[in-house]
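1. model this:
(chains A and B)
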Amino acid sequence: MAEEGDRLYVVTADEISDRRRALGKLLIWGSFGLLVAMFAVQWLAQAGTLPIDFASWRPTLYAALFWAVCLNVAQVVLYGERGKRTLFVLPAALFVIFVVVFPLIFALSIAFSDWNLASIDGRKFNGFDNVVQMWNDPFYWNSLKNMVYYTAAILVEYAVAFGLALILASEIRARKFFRVAFLLPLMLSPVAVSWMIGKSMLEGRFGPIARLARTLGWDRPAFFSEPEIARAMIMIMDAWTFIPFMMIMLLAGLQAIPREVQEAARVDGASGWFGFWQVTFPLMLPVSITAILIRIIFKLKLADIIITVTSGGPGGATDSVTSFIYREYRDRSNVGYGTLLAIVYLVLIVLAITLFMKLVDRWMNPRY
Amino acid sequence: MADTDTAPATQIFHDSDHDRAGRVKWVAGRTAIYGILVFWTIVCLFPIYWTFTTSFKMAPDVMQGNLIPFVDFQPKWKGFESIGLSPRLLGQESTVRDEFLKRFMNSAIVALSASALAVLLGSMSAYGLSRFRYRFGFMRNPDISFFFLSQLILPPVVLALPFLVLYKQLDLLDTRIGLILLYTLTVLPIVIWIMRDQFQSIPVELEEAALVDGLSIWGAFVTIVLPIALPGMVAAFILSLVLTWNEYFFASLLTSTDAKTLPVMVASQTGSQGINWWAMAALSTAAILPLVIIGIFLERFIIKGMAAGAVK
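-> Down below sits the predicted model:
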């Protein structure tokens, strides 16, 4: 991520008069003052000190939006041309701060409280009770363990995707048709897939796959009653949707390898299996790692299929962390505990991904 | 993996017996390759075919496992009637159709606006980051890039419950705006990833020439750079569209009646009325159809978008 493109160097004479500078400052701090004032008024109104009744916190939201707009305008007023360059990045940055950083801080504050949205008591700070509860919650640890299984399945997906990419990159007819056909599963919504495959094709009596299983000698096919089989089915459905994703990335990588390299290898006698392991595979390592990394990131969000097909069953065997927290919230509508679980999950993810990046770092920048 | 030992270059030789053996091997290899290709095509397309045909089946057809229309079974509009989209019902008032169209429109509006917003914000910041030097406090360009791209790691579940509470306070629960904001966030890093790659491949001399000719920076960005980067923007837009159209998790938590999207509708139907296969199949078909069409006709843009990060 450190590499940089060509820089556009622009020199501009920005002469900002004192009055203009004062105006810019006034814009920023004035609107910020308005935001603070609005927030204070609503806070007091909610506490009952002020006799105003607000339906929601919308006014504060509008004040915050107004402040964001003023902050952008003030960039140009304050810094002239340099400010116009800032305008490229500032809106997106403000957006992310508003929708991620602020809610994350808020999440930290509710993670340590007992907050049942259904009850009228509202929020109760309960210190580390949630942490203790999490520590003693076998289902959470079970779902974390499942995530390890699910993530490990990526290696198989990778092998299949690599094989398909190799075939698509070789000399075949009707390449475009096969590419489109192989891509289609990626376009389908996981919810539709979970009905199409999970609930109809894998249905025990009438589903075509169950029928096939019966002709192959499995008497009473049941795909979601045994823990291992159910987990494998979830893995297969998820793999079915996401193999095209890895395949396309690997295909792009294969096509970027200069033909000369492979031809030279062939001339030197390295062909077939040997040539693949000695030439193609090492060259593909950086792309492979990127594809696997992105795939892991998507896999860690896995929930839709589980929620709609098994809702975690049998006995939590297919639960992912996301689907578990979803169910935890749906059953008890306790946002405090769920948020704590989610934040612990986030911390684990960040640690795991950092570790992963460190481990694969030397393969990302291979020496040829 | 069978294909690696069937390099086409072996074809150059034709004469000796030794090479004839190679020819047999080549034919075997080809057969294996096309066998794999056809097998995987069936794996990919059969569920779609199954869903599509099931939407025209009656109950006995489903139970007997009939597969081929007109041969095994006579297609009926029963499935599509249940969402009010059969030829017979098209002219009439239909509450189920209104319900379906409402969900469809919700999905369309949310997905299109979120993708458009993400492409707008993402292109601007990707361009800025690839062309100018910034310093926001301690953050320089690589840090800002990382700040944006790291959002990709954030699992939706971390934001879901805080957003539930915040949206409740802000009266944004069950509104399309609320969903649009969240969806924009989920695809923004991907858009920035793709667009940064695009802008870095555009030579900076173009803008320099434009600046010399008297355009402002924003003028050069809008009139010179954006048209060149348009394919990348289309790729980013379509990829965002796919992700936002299919999103279920946030939609099921944050919407209930007004802003409910198509995936939530599909999911809510599965358990409610036994195995009403034809209705579910018709609904699923209608839900996946727009993206299948996009996938078939705009495939090269999707591939371009996904390849952006892979090849540096």
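
2. using PDB, write out every CA atom in the stretch of helix or strand A:Asn72 belongs to.
-> Using DSSP states H and E, A:Asn72 maps to helix A:58-79. Output of helix A:58-79 as PDB, limited to C-alpha atoms (Å, rounded to 0.1, in the frame of the first residue of the first chain):
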ATOM      1  CA  ARG A  58     -32.400  14.400  13.900                       C
ATOM      2  CA  PRO A  59     -31.700  18.100  14.700                       C
ATOM      3  CA  THR A  60     -28.300  17.200  16.000                       C
ATOM      4  CA  LEU A  61     -27.700  15.100  12.900                       C
ATOM      5  CA  TYR A  62     -28.600  18.000  10.700                       C
ATOM      6  CA  ALA A  63     -26.300  20.300  12.700                       C
ATOM      7  CA  ALA A  64     -23.500  17.800  12.200                       C
ATOM      8  CA  LEU A  65     -24.100  17.600   8.500                       C
ATOM      9  CA  PHE A  66     -24.100  21.400   8.300                       C
ATOM     10  CA  TRP A  67     -20.800  21.500  10.200                       C
ATOM     11  CA  ALA A  68     -19.400  18.900   7.700                       C
ATOM     12  CA  VAL A  69     -20.400  21.100   4.700                       C
ATOM     13  CA  CYS A  70     -19.000  24.200   6.400                       C
ATOM     14  CA  LEU A  71     -15.800  22.400   7.100                       C
ATOM     15  CA  ASN A  72     -15.500  21.600   3.400                       C
ATOM     16  CA  VAL A  73     -16.300  25.100   2.200                       C
ATOM     17  CA  ALA A  74     -14.000  26.600   4.700                       C
ATOM     18  CA  GLN A  75     -11.100  24.600   3.200                       C
ATOM     19  CA  VAL A  76     -11.400  26.700   0.000                       C
ATOM     20  CA  VAL A  77     -12.000  29.900   1.900                       C
ATOM     21  CA  LEU A  78      -9.000  29.300   4.200                       C
ATOM     22  CA  TYR A  79      -6.500  27.800   1.900                       C
END
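
3. give me the average confidence score over that helix.
-> Mean per-residue pLDDT for helix A:58-79: 89.

4. what is it packed up against?
-> Where contact means 3 or more CB pairs under 8 Å, 6 or more residues apart in numbering or on different chains; DSSP states H and E, helix A:58-79 is packed against helix A:18-47, helix A:81-96. Yep, even glycine has a C-beta here, placed from its N, CA and C like the rest.

5. can the following helix or strand past the last one be found next to chain B?
-> What that stands for is helix A:81-96. Next along the chain after helix A:81-96, taking DSSP H and E as the criterion, comes helix A:102-111. Yes - with CB under 8 Å from any CB of the partner chain as the criterion, chain B is reached by helix A:102-111 at A:103-104, A:106-107, A:110.

6. buried deepest among the helices and strands packed on helix A:58-79, which one?
-> helix A:81-96 (a mean of 19; mean count of other CB atoms under 10 Å in any protein chain shown).

7. just the CA atoms of it, as CSV, please.
-> The C-alpha coordinates for helix A:81-96 follow below in CSV (Å, rounded to 0.1, in the frame of the first residue of the first chain):
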residue,chain,number,x,y,z
GLU,A,81,-6.1,26.3,-4.3
ARG,A,82,-4.6,24.0,-1.7
GLY,A,83,-8.0,23.7,-0.1
LYS,A,84,-9.5,22.7,-3.4
ARG,A,85,-7.1,19.8,-3.5
THR,A,86,-8.1,18.8,0.0
LEU,A,87,-11.7,18.6,-1.2
PHE,A,88,-10.8,15.5,-3.1
VAL,A,89,-10.3,13.5,0.1
LEU,A,90,-12.1,15.3,2.8
PRO,A,91,-15.7,14.3,2.0
ALA,A,92,-14.9,10.6,1.9
ALA,A,93,-12.8,10.9,5.1
LEU,A,94,-15.6,12.8,6.9
PHE,A,95,-18.1,10.2,5.7
VAL,A,96,-16.0,7.3,7.1
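
8. ok, now which ones touch the residue of chain B found nearest chain A?
-> Nearest to chain A, among the residues of chain B, is B:Gly128, at 2.8 Å (CB to the nearest CB). Going by CB atoms under 8 Å, 6 or more residues apart in numbering or on different chains, B:Gly128 touches A:85-86, A:88-89, B:134.

9. and it, what element?
-> Going by DSSP H and E, B:Gly128 is in helix B:95-131.

10. which residue packs closest to the residue of the stretch 51-200 of chain A found nearest chain B, ignoring adjacent ones?
-> Chain B sits closest to A:Phe88 of the stretch 51-200 of chain A, with a gap of 2.8 Å, by CB to the nearest CB. Nearest residue to A:Phe88, sequence neighbours excluded (CB to CB, 6 or more residues apart in numbering or on different chains): B:Gly128, at 2.8 Å.
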